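Novice: Got a sequence here, can you build the structure:
(one chain, ligands or ions: 2)
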Amino acid sequence: MKHFLSIADLTPDQLYNLLDLGLQLKQEWQAGGNKPRLQGKSLALLFQKPSLRTRVSFEMGMVHLGGYAFYLSPNEVKMGGRESIPDVARVLSSYVDGIMARVFAHDHITSLAEYSSVPVINGLSDYNHPAQALTDVFTILEAKGKTTGLKVAYVGDGNNVARSLMFAAVKLGMHFSIASPPGFTLTAADLDLGRSFSVDGADVEATTDAKTAVADADVIYTDVWTSMGQEEETARRLQVFPPYQVNQQLVSLAHPDCLVMHCLPAHRGEEITDEVADGPNSVLFTQAENRLHAQKALLVTLL
Ligand code: CP
Ligand code: NVA
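Specialist: Numbers count the residues shown, from 1 in each chain. Ligands and ions are numbered 1, 2, ... in the order given. Sure thing, here's the model as predicted:
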């Protein structure tokens, strides 16, 4: 593994190794702190879009491991505007040991990786969010003690987060069911790619009915209806997405011990109610904390 651009690129064994290491690093951190495995190593955090979790969890992950990280804002680098992406990659990678980047277009991250001499980590593109998906399956494994045979129901927009989650779920033997309004689900090509990664008979299903997706679910997952970069579609999306709200009535149709997950930030009252976000099934804030632990495994492995 040289870069971390998509869960699609990882074998199930590579995924399990990252999860095992992440669990070990979480225990070590909780027992008093991590060993300085990345002493002398540096990570550039390059952003074209806003962030709370991604920026802070990668930065603090490096700090906990004895390394150094620094933030480069969208206005500072103006990647692809002030300077071409290949040139940014060539220059930046001559200074640092790794680059974590959040970009609009997915080809920006693949281009960074192509021209970088150091590992590139995808911190979200319009196509996917693999560091989030790694954390999501980490959180499921930690809570449930297994992955194989579980059912993950994703309710909402067939977006970057949904796509990565599908890849990670089926590679670990979890069934994946997505419920979205017509025209807002993952593409047929995405779903076929997901099926091609299936391990232990994991199914991939797409429906327009939220109730069908959550039946027998062990995990219900949702995300914002309008992602960063789609702001001009907000009004249209607000009209079609309300039947896909994760509320108590929907959660009651899943297993009683079903986990409710959301990558955050949440638009409370839209895709998820306060009652569910703050309710007994919610693992939203454990999931957010786990960004730190799961990504440390990634940093130790790549750097
Ligand atoms: N979930 C997530 O990536 O959050 P941020 O956009 O705050 O980084
Ligand atoms: N789908 C959301 C995820 C934010 C972490 C977005 O791309 O804006």
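
Novice: what does the stretch 201-303 of the chain have sitting close to ligand 1?
Specialist: 263-265 (Cβ under 6 Å from any ligand atom). In short, each C-beta sits where N, CA and C put it, glycine included.

Novice: Tell me which stretches of the protein form helices.
Specialist: In order along the chain, the chain carries the following helices (DSSP state H): 12-30, 53-64, 74-77, 85-92, 106-115, 130-144, 160-171, 188-196, 210-214, 234-240, 248-251, 274-277, 284-302.

Novice: any residue of stretch 111-121 up close to ligand 1?
Specialist: No: using Cβ under 6 Å from any ligand atom, stretch 111-121 stays clear of ligand 1, coming no nearer than 12.5 Å.

Novice: and that stretch, which residues are buried?
Specialist: Within stretch 111-121, the residues scored as buried using 16 or more other Cβ atoms under 10 Å are 111-113, 115-116, 118-121.

Novice: so how far is ligand 2 from residue 253?
Specialist: For residue 253, the distance to ligand 2 equals 24 Å [Cβ to the nearest ligand atom, to the nearest Å].

Novice: What is the burial count for the closest residue to that residue other than its chain neighbours?
Specialist: In space, and not counting its chain neighbours, residue 253 is closest to residue 214: 5.1 Å by Cβ to Cβ, 6 or more residues apart in numbering. Residue 214 has 24 neighbouring residues, counting by other Cβ atoms under 10 Å.

Novice: pLDDT wise, what is the nearest residue to residue 17 once chain neighbours are set aside at?
Specialist: Closest residue to residue 17 apart from its sequence neighbours, by Cβ to Cβ, 6+ apart: residue 301 at 7.5 Å. Reported pLDDT at residue 301 in the predicted model: 98.

Novice: Residue 301: how many residues sit nearby?
Specialist: 15.

Novice: how close does the nearest residue to residue 63 once chain neighbours are set aside sit to residue 264?
Specialist: Counting by Cβ to Cβ, 6+ apart, residue 63 lies nearest to residue 69, which is 7.1 Å off, once chain neighbours are set aside. Distance of residue 69 to residue 264, given as Cβ to Cβ, to the nearest Å: 21 Å.

Novice: Just want to know which of these two has more residues nearby.
Specialist: Neighbour totals were compared for residue 69 and residue 264, and residue 69 leads with 22 against 17 (other Cβ under 10 Å).

Novice: can you pull the pLDDT of that one?
Specialist: pLDDT, read off for residue 69, is 98.

Novice: Ok, residue 231 next?
Specialist: For residue 231, the model assigns a pLDDT of 97.

Novice: picking up where we left off before, am I right that the residue nearest to residue 63 is in contact with residue 56?
Specialist: No: if you go by Cβ atoms under 8 Å, residue 69 and residue 56 don't touch, sitting 10.1 Å apart.
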